[in-house]
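A.B. asks: coordinates for the following, if possible.
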Amino acid sequence: MSAIRTENLTKTFGANRAVDGLDLEVMTGEIFGLVGPDGAGKTTAMRLLTGIMEPTEGDGWVLGRHIKREAEAIKDDIGYMSQRFGLYPDLSVLENIHFYADLYGEPRHGRDAKIDKLLAFSNLTPFKKRLADNLSGGMKQKLGLACALIHTPKVLFLDEPTNGVDPVSRRDFWRILYQLLAEKVTIFVSTAYLDEAERCNRIGLMHEGRILNVGTPTEIKKMMSGSLLEVRCRDARQATKILRHQFGVDAVGLFGDRVHVVTNNQDTDQAQIVETLEQSGLGPSTVRPIVPSLEDVFVSALTEKKGEERHESPH
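C.D. replies: All right, here's what the predicted structure looks like:
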């Protein structure tokens, strides 16, 4: 059964189509990740689904309720944590949670037990009297999550919840999300971190308001056309410039001290790369096929999309 469903969901701001014909289905009890760079339309899509913003065209349903006609009813059963979640810096951890409990109309009876459980759940019990302003970035995110969960939502919307948070806190945050999954909460999360997308049950790759691909991380990786070569040599940055000139900007990416090249002619291109780098004085080099990461697939999907647009555009 689907917890979230959209049909041609569209939001325009003047000439800009921030969300462009979104067709999506998120199943009950899964973590679905909306993955894409800044400006892809992830935040706008989330605001449409939570009833904060009205669509220009199309429809959407959350828990069977229409996002426009039944927006207020939807808000009773969802939790929403925006990129700048509204914590009150001069209130303590405990006071912030009580404030949100009052906003959601949570009854006083049984509330303390619920809050104690949330504090333990998010490892905030030792800090419950600390002012929110004095928390680390990771702890603020956990407090934001506790506030969003105080009314026991069935669907949780998280807009880039770990943006700017250190790697250890990110890992802790995802551990908490997995615990929520065990309690049958549906989680819709947006992220620009492709390593985080690996943790989702399914993901949608989003670019310029459109969904490029949807599937499990494994399925998405298999959608990549062509194969991937990893190049190691003396100067990866210089090698990237040279290989982009040869294979095209979109087919070549710099990944730390290695270069990734998307190719449709693996054997021929493998030999050609070795020869090119040796002639350029960057040899000896090693070139080998590797399994693509989600980042590689995303780059490949964008390359394909640009190729289709060039093909469709009138000359």
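
A.B. asks: quick one: the residue nearest the centre of the chain from residue 57, how far?
C.D. replies: Per C-alpha atoms, centre = their mean, the C-alpha nearest to the average position across the chain is that of residue 191, at 2.3 Å. As judged by C-beta to C-beta, to the nearest Å, residue 191 and residue 57 stand 26 Å apart. Where you see a C-beta, it was placed from the backbone N, CA and C, and this is true even at glycine.

A.B. asks: so which residues of the chain form helices?
C.D. replies: 42-49, 71-75, 93-103, 111-121, 137-149, 167-182, 194-197, 217-222, 236-247, 266-279, 294-312 (DSSP state H).

A.B. asks: deepest-packed of the ones you listed, please.
C.D. replies: Highest mean neighbour count among the helices of the chain (mean count of other C-beta atoms under 10 Å): helix 42-49, with a mean of 24.

A.B. asks: name the helices or strands packed onto that one?
C.D. replies: Helix 42-49 sits against strand 2-13, strand 16-27, strand 31-35, strand 57-62, strand 155-159, strand 186-191, with contacts defined as 3 or more C-beta pairs under 8 Å, 6 or more residues apart in numbering; DSSP states H and E.

A.B. asks: export the ones you listed to a markdown table and append columns for distance to residue 277 and mean pLDDT.
C.D. replies: A markdown table is the format used below for the helices and strands packed on helix 42-49 (distance: least, C-beta to C-beta, whole Å; pLDDT from 0 to 100):
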| stretch | distance to residue 277 | mean pLDDT |
| --- | --- | --- |
| strand 2-13 | 46 | 96 |
| strand 16-27 | 40 | 96 |
| strand 31-35 | 32 | 95 |
| strand 57-62 | 49 | 97 |
| strand 155-159 | 43 | 95 |
| strand 186-191 | 35 | 95 |
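
A.B. asks: between these, which one is closest to residue 231.
C.D. replies: Closest to residue 231 of the helices and strands packed on helix 42-49 is strand 31-35 (C-beta to C-beta; 25.6 Å).

A.B. asks: surely residue 72 touches residue 65?
C.D. replies: No - Residue 72 is beyond contact range of residue 65, at 9.5 Å (criterion: C-beta atoms under 8 Å).

A.B. asks: coming back round to it: now the helices of the chain in TSV, with mean pLDDT and distance to residue 255?
C.D. replies: Shown next, in TSV, are the helices of the chain (pLDDT from 0 to 100; distance: least, C-beta to C-beta, whole Å):
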stretch	mean pLDDT	distance to residue 255
helix 42-49	95	23
helix 71-75	91	41
helix 93-103	94	39
helix 111-121	91	36
helix 137-149	91	26
helix 167-182	87	18
helix 194-197	83	12
helix 217-222	87	16
helix 236-247	93	8
helix 266-279	93	15
helix 294-312	68	8
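
A.B. asks: still on that earlier bit, how close does the residue nearest to the centre of the chain get to residue 163?
C.D. replies: Distance from residue 191 to residue 163, by C-beta to C-beta: 8 Å.

A.B. asks: residue 141 too?
C.D. replies: From residue 141 over to residue 163 the distance is 9 Å, taken as C-beta to C-beta.

A.B. asks: cool, residue 272 as well?
C.D. replies: As judged by C-beta to C-beta, residue 272 and residue 163 stand 40 Å apart.

A.B. asks: again, but for residue 9
C.D. replies: To residue 163, residue 9 is 24 Å away according to C-beta to C-beta.

A.B. asks: and if you look at residue 250?
C.D. replies: Residue 250 is 26 Å from residue 163, by C-beta to C-beta.
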